[in-house]
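Participant: coordinates only, sequence not included:
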């Protein structure tokens with residue numbers, strides 16, 4: 001049973017999903033919060049929102065932690081590099097508040113353009129003043145969208161509906177998406193110079209911090225409006241205040257701030273600013289989606305799903321279609337490692353007919369499988385490459401263009417002090433994993449369960465002796481796969497229903513026809 005600690009408030013919909021899974025769920029109380037570092041040690045997963053700061057010390061205190069779930073999009077309050085170092089997955093709810101954030105962008109823009117908050121305050125004060133609140137129309141204006149991801153694209157669609165011209169800046173902007181949405185891609189300086197409205201939809205990273213610096217803010221069109229529903233640290237707030245005072249900028253609408261909550265409310269109180277307290281995701285619908293999406297991601301991660309969108313995976317998630325390939329890669333790595341019987345210094349992964357998006361995930365899967373027999377289940381997709389690097393293990397991936405004997409083929413070779421182990425596998429029917437080559441022997445078997453791998457002399461009677469010996473020890477053979485080289489050695493892979501005793505294995509290895517015998521337990525696969 002998984003134990004899950006909820007340290008910040010979570011919508012009941014997600015809690016129901018977690019409890020329905022059979023997990024033990026505990027909601028941290030205010031009295032317990034000072035002891036969070038002690039309490040987290042007994043839990044497999046931690047769910048937070050923005051209140052709990054998940055720093056390296058807290059992560060290290062979570063001796064059983066496998067997953068941190070951030071109920072929301074941003075992970076600013078989670079030390080992702082530290083989690084990666086410790087092999088802890090960080091999952092979030094990347095799509096749950098897209099619609100709410102998009103709509104809040106326009107709520108702020110309309111409020112700013114039509115001076116709605118000031119007009120509302122005037123009415124509530126009993127003042128009827130029409131002349132003061134002269135607004136601005138959106139039709140015919142240029143909207144500059146900085147960050148053209150899922151929210152930026154939705155903002156662009158709605159801006160087009162208001163008959164605005166839309167220009168967009170994103171270092172990874174897909175030209176095809178821009179064409180489809182009838183948006184003009186431009187560089188950042190051109191966007192700032194041309195836009196009547198600039199709206200931010202980019203994440204906070206080392207590269208984007210202070211993106212709208214004093215220099216860039218001065219490049220904005222005189223009288224332009226700025227809307228920020230992304231992250232406060234993207235904008236130089238001191239410079240923004242000065243440009244509002246000078247009249248260079250017509251106004252700003254802000255939902256996020258460099259410091260939250262702000263210690264200084266001067267910017268929020270400015271007459272040209274519409275300010276809200278980071279409520280872009282504060283809708284009933286978004287809170288429910290955030291809660292359910294986080295719960296589903298968390299459970300998927302705990303169950304080992306390879307389709308989970310983890311923040312700190314070293315590759316784009318493979319999705320449901322890619323899961324069988326990753327399982328194949330893991331099992332091939334584990335089998336090669338077990339057959340090597342000792343540490344290795346070099347891992348080579350060769351791929352034939354594998355889609356480009358699956359190549360790196362597959363290589364990581366093979367590496368994870370190869371490391372687990374030596375380093376235990378603490379190795380995962382997050383930390384496998386870091387572990388290999390820290391131990392000086394060389395990992396090589398080669399992609400072949402020429403066709404192989406199978407449409408898709410994964411080859412694995414481990415090099416160690418005692419020699420090398422080489423094998424290859426594929427999927428039948430896109431789901432059924434099979435080993436199709438072991439060293440130079442061609443054969444087919446599923447890489448799962450208890451496997452007894454024997455090299456023997458190619459002479460009559462060997463299979464009969466194996467059956468007799470194992471039967472006498474009470475071991476049933478589920479299936480057997482054979483291959484041979486003419487006049488030389490042969491290979492037998494037997495799947496056993498139970499594990500032979502040390503005595504039975506010793507007797508088997510003592511047979512004069514047996515060159516080597518190794519027992520490998522690959523689990524259910």
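Facilitator: Here it is on my side, so go on. Remember, predicted model here, so these are calculated numbers, not experimental data. Numbers count the residues shown, from 1 in each chain.
Participant: what comes into contact with the helix or strand harbouring residue 103?
Facilitator: Element membership for residue 103 (DSSP states H and E) is helix 98-113. Around helix 98-113, the neighbours that count as contacts under Cβ atoms under 8 Å, 6 or more residues apart in numbering are 116-117, 135-138, 150-151, 154-155, 158, 197, 199, 201, 225, 227, 229, 251-255, 274, 276, 279-283, 285-286. Just so you know, the C-beta spots here come from the backbone N, C-alpha and C atoms, and that holds for glycine as well.
Participant: Show the buried residues in those.
Facilitator: Neighbour counting with 16 or more other Cβ atoms under 10 Å marks 116-117, 138, 150-151, 154-155, 158, 197, 199, 201, 225, 227, 229, 251-255, 274, 276, 280-281, 283, 286 as buried within those.
Participant: Just those residues: which are in strands?
Facilitator: 197, 199, 225, 227, 251-254, 274 (DSSP state E).
Participant: show me where the stretch 1-150 of the chain has strands.
Facilitator: Along the stretch 1-150 of the chain, counting by DSSP state E, counting those that start in this stretch, strands occupy 3-6, 24-27, 45-48, 67-70, 89-92, 142-146.
Participant: Out of those, the one nearest residue 240 is which?
Facilitator: With respect to residue 240, and counting by Cβ to Cβ, the nearest of the strands of the stretch 1-150 of the chain is strand 142-146 at 14.5 Å.
Participant: Enumerate every residue touching residue 231.
Facilitator: With Cβ under 8 Å, 6+ apart, residue 231 has these contacts: 74, 76, 200, 202-204, 208, 256.
Participant: These: which two are farthest apart?
Facilitator: For those, the farthest-apart pair by Cβ to Cβ is 76 and 200; their separation is 15.1 Å.
Participant: I'd like the distance between residue 414 and residue 271.
Facilitator: Computed as Cβ to Cβ, to the nearest Å, the residue 414 to residue 271 distance reads 69 Å.
Participant: more crowded one of those two?
Facilitator: residue 414 (23 against 8; other Cβ atoms under 10 Å).
Participant: wait, the more buried one sits on residue 344?
Facilitator: Yes. Shown here, residue 414 and residue 344 form a contact pair, counting by Cβ atoms under 8 Å, at 4.4 Å.
Participant: Overlap of the contact sets of these two?
Facilitator: Common contact partners of residue 414 and residue 344 (Cβ under 8 Å, 6+ apart): 337, 370.
Participant: picking that back up, quick one, which of the strands of the stretch 1-150 of the chain is nearest to residue 353?
Facilitator: The nearest among these, by Cβ to Cβ, is strand 89-92 at 29.6 Å.
Participant: What average pLDDT does that closest one get?
Facilitator: The average of the pLDDT scores along strand 89-92 is 90.
Participant: try stretch 285-300
Facilitator: pLDDT averaged over stretch 285-300 gives 92.
Participant: So for that stretch, what gets flagged as buried?
Facilitator: Under the neighbour-count criterion of 16+ other Cβ under 10 Å, stretch 285-300 has 286-287, 289-300 buried.
Participant: same deal with stretch 414-426?
Facilitator: Neighbour counts over stretch 414-426 (16+ other Cβ under 10 Å) mark 414-416, 421-426 as buried.
Participant: Make a markdown table from the residues you listed and add distance to residue 440 to it.
Facilitator: Supplementary listing: these in a markdown table, determined by distance: Cβ to Cβ, whole Å:
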| residue | distance to residue 440 |
| --- | --- |
| 414 | 16 |
| 415 | 16 |
| 416 | 19 |
| 421 | 12 |
| 422 | 8 |
| 423 | 10 |
| 424 | 11 |
| 425 | 15 |
| 426 | 17 |
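Participant: Check those against residue 27 and report the nearest one.
Facilitator: Once Cβ to Cβ is applied, the member of these that ends up nearest residue 27 is residue 425, at 44.8 Å.
Participant: Now the element after the helix or strand hosting that closest one, going C-ward?
Facilitator: Here residue 425 sits within strand 419-428, counting by DSSP H and E. Where DSSP H and E defines the elements, the next helix or strand beyond strand 419-428 is strand 432-438.
Participant: Counting by contacts, list what that following strand packs against.
Facilitator: Under the contact definition 3 or more Cβ pairs under 8 Å, 6 or more residues apart in numbering; DSSP states H and E, strand 432-438 sits against helix 319-340, strand 419-428, strand 441-445, strand 489-496.
Participant: Each with direction, which strands does it pair with?
Facilitator: Partners of strand 432-438 in the sheet, by DSSP bridges, are strand 419-428 (antiparallel), strand 441-445 (antiparallel).
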